[in-house]
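Enquirer: dropping the sequence and predicted coords here.
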Amino acid sequence: MMELVAEKREVFGRAVRQLRIQGLIPAELYGHGLPNLHLSIPAKEFLKVLKEAGENTVVTVVVGSEKLPALIYDVARHPVSDEIVSVDLYQVRMDEKIKAAVPLEFTGEAPVVKEALGVLVKSMHEVEVEALPADLPREITVDLGGLTELGQSIYVKDLSVPAGVKIVVDLETVVVSVTEKTSEEEEKAAQEAAAAVGVEQVVAETEEKKAERDAQKEASSSAEGSSAKEVKK
């Protein structure tokens, strides 16, 4: 696993702006009911790890003498500049399965599209799987080469995943399909409709992920509070 060196931070709220000016990204490490760790990570190092390992990938977070396996769980970006403003890291156990959204990588060219007989409509761009942290794939390949006729579709059940990886969404969900080529206006409307469905799915997944993330943070915060009370005793 790739290593990500981080340091504990003592600044919070608006003060973290100074961290970003210094080239650091504020991060939170939590999970398994453990106390939250408030960290800062060099932006250049994080971008390098993110580029090579990808999001929803397990890395080794090095904090002082500790080495903690964690999932790059959420990367928040500025809506205008697209710069990374914060990172959530979820600590995992290597012997315990976790769920994560894995991006889909579309490869090849659909013959029916190449022959200008139809257009490709992508309905999914990632799929949720369950696996041990070490078995999580960086991406899942979708081969478009078998789409030779109008009306053909590739479903979730058609996706090939590595051993030890289980897809946990409806297997009958359409990943990509080929529709009849229409006028430019109709094609644009179809693409916008597909995009709208995709946005709704992403919003639903994002809200679900946020709720899960908040629950994990709350659990970790509770553990942190309990530990503090025990120390006071």
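Expert: Done, it's in. Everything quoted here is computed from the prediction, not taken from an experiment.

Enquirer: right, and the helix or strand after the strand of greatest length in the chain?
Expert: Across the chain, the longest stretch assigned as strand under DSSP state E is strand 66-77. As assigned by DSSP states H and E, the chain's next helix or strand after strand 66-77 is strand 84-91.

Enquirer: name the helices or strands packed onto the helix or strand following that next one?
Expert: The element immediately downstream of strand 84-91 (helix or strand, assigned by DSSP H and E) is strand 98-107. Other helices and strands packing on strand 98-107, by 3 or more Cβ pairs under 8 Å, 6 or more residues apart in numbering; DSSP states H and E, are strand 126-131, strand 140-143. Glycine gets a C-beta too; all of them are placed from N, C-alpha and C.

Enquirer: swap the cut-off to 10 Å and go again
Expert: In terms of contacts (3 or more Cβ pairs under 10 Å, 6 or more residues apart in numbering; DSSP states H and E), strand 98-107 is packed against strand 66-77, strand 118-122, strand 126-131, strand 140-143, strand 174-180, helix 184-232.

Enquirer: what's the angle from that strand to strand 174-180?
Expert: 30 degrees (axes from the mean of the first three to the mean of the last three Cα atoms, to 10 degrees).

Enquirer: and stretch 153-166, what's buried?
Expert: Residues 154, 156, 159, 161, 165 are the ones in stretch 153-166 that count as buried (16 or more other Cβ atoms under 10 Å).

Enquirer: next one: stretch 42-55
Expert: 42-43, 45-46, 49-50, 53, 55.

Enquirer: any idea which of the helices and strands packed on strand 98-107 scores lowest on pLDDT?
Expert: With a mean of 55, helix 184-232 has the lowest mean pLDDT of these.

Enquirer: from the buried residues of stretch 153-166, which two are the most distant?
Expert: Ile154 and Val165 (17.8 Å; Cβ to Cβ).

Enquirer: okay, which residue is most central for this protein?
Expert: The structure's the chain has its C-alpha centroid closest to Asn56; by Cα atoms, centre = their mean the separation is 4.5 Å.

Enquirer: from what I can see it touches Leu71, true?
Expert: Yes. The pair Asn56 / Leu71 is scored as a contact, 6.5 Å apart, by Cβ atoms under 10 Å.
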